[in-house]
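> Here is my input, please return the structure:
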Amino acid sequence: MTGVATMADQNEHHWLSFHMGAQLYAAPLREVSEVIRERELTPVPGAEPDLLGILHLRGHIVPVLDGRLRLGLPVAPAADAAQVRIVLLTQAGQLIGLRVDAVAELLSTEGIEIAPPPPGRARRGDDPVNGVLAWRDGFVALLDVCRLCRLNRENGHVV
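Numbers count the residues shown, from 1 in each chain. So this is what the prediction gives:
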């Protein structure tokens with residue numbers, strides 16, 4: 001059938017945006033499973049500092065990352081604790097949570113140029129920001145979920 005857009009095609013240019021501090025970030029909608037309210041997590045001794053813990057969700061053990069720490073932002077409480085959410089991301093069959101200060105809106109990048117991250121910005125080998133989108137009076141940092149979650153692209157294992 002030609003001319004019929006599939007759900008995957010429709011989601012190709014759609015992103016879920018969220019706030020962390022004053023910055024707006026976005027993840028590809030096709031890699032967002034759901035958004036849930038923050039809840040109590042089980043700590044994981046000896047884990048990376050940005051791993052807040054794990055949660056048990058409908059039979060799955062889900063690691064939850066602190067979005068601020070993972071993105072190198074200063075640790076600070078969210079402006080409105082009632083807006084804090086866990087964005088559940090899927091990549092290579094893995095489900096991983098990302099705690100964000102607040103979920104914003106759905107963005108469409110269709111027909112809009114995505115720029116590379118600014119050249120003067122501090123680069124890390126595992127930097128998950130893979131593009132920048134001009135948005136309103138600022139910009140949105142677009143995230144590579146695989147790098148954000150430290151997953152190997154080929155087999156989905158944590159690296």
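> neighbours around Leu143, how many?
Leu143 has 26 neighbours, counted by other C-beta atoms under 10 Å. Glycine gets a C-beta too; all of them are placed from N, C-alpha and C.
> Please apply the same query to Leu89.
25.
> Can you check what pLDDT the model gives it?
Leu89 carries a pLDDT value of 96.
> and if you look at Asp127?
79.
> pretty sure it contacts Pro117?
Yes: using C-beta atoms under 8 Å, Asp127 makes contact with Pro117 at a distance of 7.5 Å.
> Mind checking what secondary structure the spatially most central residue of the chain has?
By C-alpha atoms, centre = their mean, the mean C-alpha position of the chain lies nearest to Ala27, the distance being 4.8 Å. On the three-state scheme (DSSP: H, G, I helix; E, B strand; the rest coil), Ala27 is labelled strand.
> Distance check, it against Arg39.
Using C-beta to C-beta, to the nearest Å, Ala27 is found at 20 Å from Arg39.
> And Arg136, by the same measure?
32 Å.
> Those two: who's more crowded?
Arg39 (11 against 7).
> Let me know the secondary structure of that one.
coil.
> Which helix or strand contains the nearest residue to it once chain neighbours are set aside?
Leaving out its chain neighbours, the residue that sits closest to Arg39 by C-beta to C-beta, 6 or more residues apart in numbering is Leu55, at 6.3 Å. Here Leu55 sits within strand 51-57, counting by DSSP states H and E.
> Now do that strand: which elements does it pack against?
Applying 3 or more C-beta pairs under 8 Å, 6 or more residues apart in numbering; DSSP states H and E, we find strand 51-57 packed against strand 60-66, strand 94-100.
> That one: how far from the chain's middle?
Between the centre of strand 51-57 and the centre of its chain there are 16 Å (C-alpha atoms, centre = their mean, to the nearest Å).
> and that strand, which residues are buried?
Leu51, Leu52, Gly53, Ile54, Leu55, Leu57 (16 or more other C-beta atoms under 10 Å).
> again with stretch 94-108
Neighbour-count burial for stretch 94-108, with 16+ other C-beta under 10 Å as criterion, is recorded at Gln94, Leu95, Ile96, Gly97, Leu98, Arg99, Val100, Asp101, Ala102, Val103, Ala104, Leu107.
> Show me what the third one is bridged to.
Right, Ile96. Going by DSSP bridges, Ile96 is paired in beta bridges with Leu89.
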